[in-house]
Structure formats: structure tokens, C-alpha cells
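K.L.:
Show me how the following folds:
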Amino acid sequence: MMAMRPQAPILDLFVGGGGDAYRLYFAPASSVPASLRRRLDERGDVFPVRKPDLEDLASFMWATDSPYAGHTTSNGAEIYTVGRSAVTLTVWLEGLVEMNGSHS
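P.N.:
Got it, this is the predicted structure:
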């Protein structure tokens, strides 16, 4: 009998937009944390979210020893994490989600 190994969560996402209107998009193969899944709209995205502070993200991930990959674009940021770092990133992402106006 083969032992089953749990797969590490993967978060592969993009936060983009402009002004006060940012949206959180998950890649098709990405995990979607339960705390954020409840907020998905009919398109499968989370809207609205706050503008991401990428310096804050870098500081938070560094302080929690959670490596990640990311890069900025002209209108947002792509972020990729695996395993424990994905769980850590989820905590940071929850801070972006606007409580009023989001889907529950």
C-alpha cells in the first residue's frame, strides 16, 4: 500500500488594478485559501482589495522566514509561494481584503 503524502499548498496570484480598485486573481493551478474562497466573486476573483504594499509584503515574509517569488508589473504584482510560505502569504492577503463591499 502506498502512503499518501499531503501536497503543499501553492499560491500563484496576481494583484492588479489602479487607483482604489484592485483585484486579486488566482492562477488556475493555485490553491485558494478557505478564508479568501468565501470572498470570490462570480469571476473567481476577490474584489475589491486594497492596493498591495510590496515593501510591507517583503518585510512580512522576511520576518516570518517565508521565501516567495514575486515581481511587479505596470499595474500590480505577481506573487508565488509554496508550502508554509503560502500559509504566511494568506495572512498578509487577508489584510488586503476590504471588509465592506466584498463578497461573503
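K.L.:
which element is residue 12 on?
P.N.:
Using DSSP states H and E, residue 12 falls within strand 10-18.
K.L.:
Let me see the mean pLDDT of that strand.
P.N.:
What strand 10-18 shows for mean pLDDT is 93.
K.L.:
what do you get for stretch 24-43?
P.N.:
On average, stretch 24-43 scores 94.
K.L.:
what does that stretch contact?
P.N.:
For stretch 24-43, contacts defined as C-beta atoms under 8 Å, 6 or more residues apart in numbering pick out 9-16, 44-47, 49, 86, 90, 93-94, 96-97, 102-104. For the C-beta atoms, the positions are set from N, CA and C on the backbone; glycine is no exception.
K.L.:
same question, stretch 54-72
P.N.:
With C-beta under 8 Å, 6+ apart, stretch 54-72 has contacts from 77, 78, 79, 80, 81, 84, 85, 88, 89, 92.
K.L.:
so who does the residue nearest in space to the middle of the chain touch?
P.N.:
Geometric centre of the chain, nearest residue: residue 93, 5.1 Å, by C-alpha atoms, centre = their mean. Applying C-beta under 8 Å, 6+ apart to residue 93 gives the contacts 13, 24, 33, 36, 49.
K.L.:
Name the helix or strand for it, please.
P.N.:
helix 84-94.
K.L.:
which residues in the protein form strands?
P.N.:
Taking DSSP state E as the criterion, the chain carries its strands at 10-18, 21-26, 46-49, 69-73, 76-82.
K.L.:
Output those as JSON lines; include the columns distance to residue 61 and mean neighbour count.
P.N.:
Below are the strands of the chain laid out as JSON lines (distance: least, C-beta to C-beta, whole Å; neighbours: other C-beta atoms under 10 Å):
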{"stretch": "strand 10-18", "distance to residue 61": "12", "mean neighbour count": "19"}
{"stretch": "strand 21-26", "distance to residue 61": "17", "mean neighbour count": "18"}
{"stretch": "strand 46-49", "distance to residue 61": "18", "mean neighbour count": "21"}
{"stretch": "strand 69-73", "distance to residue 61": "9", "mean neighbour count": "11"}
{"stretch": "strand 76-82", "distance to residue 61": "8", "mean neighbour count": "19"}
